[in-house]
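Trainee: next one to model:
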Amino acid sequence: MSETKREIEMVVFDMAGTTVDEQNVVYKTLHKAIQNFNVEVSLETVLEYGAGKEKHKAIKDVLTHLKSDKLKESQIIFENFKSLLDTAYINLAVKPIKGVENVLLDLRADGIKVVLNTGYDRKTATLLLDKLQWNEKTHYDALITASDVVKGRPHPDMIFQAMDLLNVTDASKVLKAGDSAIDIEEGKNAGCGITVGVLSGAQTKTQLEKPQPTYILESLVNLKDVL
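Mentor: Now for the predicted structure:
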């Protein structure tokens, strides 16, 4: 085991686009919900300004970027989004990002604590995990969602809650990985020793380079190359 790997006590992985392939349904649904209120916006803009965030904040940030007069209706749009998402998830086929399930199992076998964190609420995150048949204490040690904290990304609250839960006291021994710039910002704001952007999800290499992560990888499968 490498020196770097010994120094990492806990990894915090984003879900959709990082560990989970849910066909981008959340952002497609977010896009649809905003368009339902006669707002012209591209999926690319939704991904750029909404990826990785708690979803009401994502809606507000997209509308703010567009300078839309619908900003005052963001709560109604959010409720519409949740209703649409419930319907979309009924028959959705969810699978792990290729090779990532083994990454989780291998890390835990090496004694590294694995945390899943997400801009989803707990209901949505739990539904995804149920579809994957991933279990706490087998695939991961803790799940922390946007609805579990007062401040979502880029604030470090989810990472700090995970550290408290799993008795990790030194953020420099935590690795944070995700497919959006705000994942990296979250990790840096928490003082994580390593931050990783992955190209398996929402954002491009150029977008991920902006917050200056320690590494940018094709996917979490390549994590072994840097650990």
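Trainee: now stretch 99-119: buried residues?
Mentor: 100, 103-104, 107-108, 112-119 (16 or more other C-beta atoms under 10 Å). Every C-beta, even on glycine, is put in place using the N, C-alpha and C of the backbone.
Trainee: now swap in stretch 204-217 and tell me
Mentor: In stretch 204-217, counting by 16+ other C-beta under 10 Å, buried: Gln207, Leu208, Pro211, Pro213, Thr214, Tyr215, Ile216, Leu217.
Trainee: could you pull out the strands in this structure for me?
Mentor: Along the chain, counting by DSSP state E, strands occupy 10-14, 20-21, 95-96, 113-118, 142-145, 174-178, 194-198, 215-217.
Trainee: okay, the ones you listed in TSV with mean pLDDT next?
Mentor: Below are those laid out as TSV (pLDDT from 0 to 100):
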stretch	mean pLDDT
strand 10-14	98
strand 20-21	94
strand 95-96	96
strand 113-118	98
strand 142-145	98
strand 174-178	98
strand 194-198	98
strand 215-217	98
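Trainee: for the ones you listed, please prepare TSV with the additional fields distance to Tyr49.
Mentor: Output for the strands of the chain, formatted as TSV (distance: least, C-beta to C-beta, whole Å):
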stretch	distance to Tyr49
strand 10-14	17
strand 20-21	21
strand 95-96	27
strand 113-118	18
strand 142-145	21
strand 174-178	16
strand 194-198	17
strand 215-217	20
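Trainee: need the winner for burial among those strands.
Mentor: Greatest average neighbour count among the strands of the chain goes to strand 174-178 (a mean of 29), per mean count of other C-beta atoms under 10 Å.
Trainee: picking up where we left off before, list just the nearest of the buried residues of stretch 99-119 to Phe13.
Mentor: For the buried residues of stretch 99-119, the residue nearest Phe13 by C-beta to C-beta is Leu116; the value is 5.8 Å.
Trainee: residues touching the closest one, list them.
Mentor: Val12, Phe13, Asp14, Met15, Thr19, Ala125, Leu129, Tyr140, Ala142, Leu143, Ile144 (C-beta atoms under 8 Å, 6 or more residues apart in numbering).
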